[in-house]
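K.L.:
Sequence and predicted model, in that order:
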Amino acid sequence: MLNRKRKRESADIDGSSLADIAFLLLIFFLVVTTIDVDTGIGLVLPPIPDDIEPPPVRERNLMNILVNERGMVLINEQPAAIATVRERVKEFIDNNGVDPDLSESPDDAIVSIKTDRRTPYNIYIDMLDEVMGAYEELRHAASMERFGVPFSSLSQGSERRAEIQEMYPKKISIAEPDEG
Amino acid sequence: MSKFKKKQANTKQGVPTSAMPDVVFMLLIFFMVTTVLREVELQVQIDYAVAENIEKIEQKRLVSYIYIGPERLGAGRLGETRVQIDDALVDDINAIRNIMYDKLMEQPRLIVSLRVDRDSEFGIVTDVQQELRHAGTLRINYSTRRQI
């Protein structure tokens, strides 16, 4: 009698459905999850000028890139293909005063991008991407030459990284677009 | 012949499944930890542009988003290009400077991530950028996907 009673009380909870419950939750979180990494092209806007004239820039130190609404490109008033922009920008920045029409030093070089108001955003991004790519390649080359490692492997905020960044500072100006 | 038969009968079949709940729980916990539930209801359609030379934003808590794209009108129809900040569409573009200025006061190292539809015109992006300059939020990021 006593023996039988004890047997009834010691009943376990069935654990076999635990996996099913966990699976259900897992599927819920799998569906809901968006692993979206924030990636993009970083830029720092210039502050609003307080009635101060911008410092004069010598014409050779300024590279004007104009993009119209159909994706046609003018570099210093000359038509150019979007695929050649990267090479042109690299030549321009890394001139170091050799060619009298190009920049005096990477520190002086300014790349100005100007678009129409009706230029599609992705064309503008393509353009900016090309210019960023040119800087990235120059920095990579400088890093390989100096330290023998690619620029991307230099850790964020390290001295070496800062040194390379100082060699090729990104001076990109986004001009206000024309009406039209 | 009979020898073979005997051998086959002796082998135990079936994979032990007793560790399955543990594996599943591990996966579950991973996904629970990594999940970021969608914070805003997007009212504009955004199809990201692609680019090659992109960087990651490491500190997500510094980021504030501005969405620019054609408005969703329901039933798959798209309207005019609009600007959305947080949960609301911005009607007056000049209001952006106050909104962003308040955000900047809360987070002085604010990064504004511009999530712009690839087909919208650049003019409206410039207007927003002008407002950002007035607000003093100068660090921006054009959100793009990596080129595959």
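P.N.:
That came through, no problem.
K.L.:
Please report phi then psi for B:R146.
P.N.:
Here is the backbone geometry of B:R146 (degrees, to the nearest 10): phi -70, psi 140.
K.L.:
Give me the neighbour count for it.
P.N.:
Counted with other C-beta atoms under 10 Å in any protein chain shown, residues neighbouring B:R146 total 12. (Glycine included, C-beta is placed from N, CA and C.)
K.L.:
ok, what's across the strand from it?
P.N.:
B:A51 (DSSP bridges).
K.L.:
got the contact list for it?
P.N.:
Residues near B:R146 by C-beta atoms under 8 Å, 6 or more residues apart in numbering or on different chains: A:39, B:50-52, B:54.
K.L.:
pLDDT at it, what is it?
P.N.:
Per-residue confidence (pLDDT) for B:R146: 80.
K.L.:
What of B:K3?
P.N.:
56.
K.L.:
A:L18: how many residues sit nearby?
P.N.:
Residues lying near A:L18 (other C-beta under 10 Å) number 15.
K.L.:
A:T84 belongs to a strand, doesn't it?
P.N.:
No. Residue state for A:T84 (DSSP: H, G, I helix; E, B strand; the rest coil) corresponds to helix; a strand is not indicated.
K.L.:
which residues touch B:L104?
P.N.:
Contact analysis of B:L104 by C-beta under 8 Å, 6+ apart lists B:110, B:135-137.
K.L.:
Rebuild the contacts of B:R146 as JSON lines, extending it with pLDDT and distance to A:I48.
P.N.:
Formatted as JSON lines, these follow (pLDDT from 0 to 100; distance: C-beta to C-beta, whole Å):
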{"residue": "A:T39", "pLDDT": "82", "distance to A:I48": "28"}
{"residue": "B:V50", "pLDDT": "86", "distance to A:I48": "31"}
{"residue": "B:A51", "pLDDT": "85", "distance to A:I48": "27"}
{"residue": "B:E52", "pLDDT": "84", "distance to A:I48": "31"}
{"residue": "B:I54", "pLDDT": "81", "distance to A:I48": "27"}
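K.L.:
Now the residue in chain B positioned nearest to chain A: closest residue in space that isn't a chain neighbour?
P.N.:
Residue nearest to chain A within chain B: B:G123 (3.2 Å; C-beta to the nearest C-beta). Nearest residue to B:G123 in three dimensions, chain neighbours excluded: A:R117, at 3.2 Å (C-beta to C-beta, 6 or more residues apart in numbering or on different chains).
K.L.:
what are the ranges of the strands in chain A?
P.N.:
Secondary structure of chain A (DSSP state E): strands at A:39-44, A:62-67, A:73-75, A:78-80, A:110-115, A:172-174.
K.L.:
Give me the buried positions along the fifth one.
P.N.:
In other words, strand A:110-115. Of the residues in strand A:110-115, those buried by neighbour count under the rule 16 or more other C-beta atoms under 10 Å in any protein chain shown are A:110-115.
K.L.:
Chain B: which of the residues you listed is nearest?
P.N.:
Nearest to chain B among the buried residues of strand A:110-115, with distances taken as C-beta to the nearest C-beta, is A:T115, at 5.0 Å.
K.L.:
any idea how far A:P55 is from A:N76?
P.N.:
Separation of A:P55 from A:N76 (C-beta to C-beta, to the nearest Å) stands at 20 Å.
K.L.:
Looking only at neighbour counts, state which of the two leads.
P.N.:
A:N76 (15 against 5).
K.L.:
you'd agree that one is up against A:M63?
P.N.:
Yes. Using C-beta atoms under 8 Å, A:N76 is in contact with A:M63, at 6.6 Å.
K.L.:
Residue 14 - how many residues pack around it?
P.N.:
All of this is about chain A. A:D14: 7 neighbours (other C-beta under 10 Å).
K.L.:
wait, I meant chain B there
P.N.:
Neighbourhood size, B:G14 [other C-beta under 10 Å]: 5.
K.L.:
quick one, phi psi at it?
P.N.:
Torsion angles, degrees, to the nearest 10, at B:G14: phi 100, psi 140.
K.L.:
Could you do B:F30 as well?
P.N.:
Phi and psi for B:F30, reported as degrees, to the nearest 10, are phi -60, psi -50.
K.L.:
cool, the one 4 residues further on as well?
P.N.:
Recorded main-chain torsions at B:T34 are phi -80, psi -20, according to degrees, to the nearest 10.
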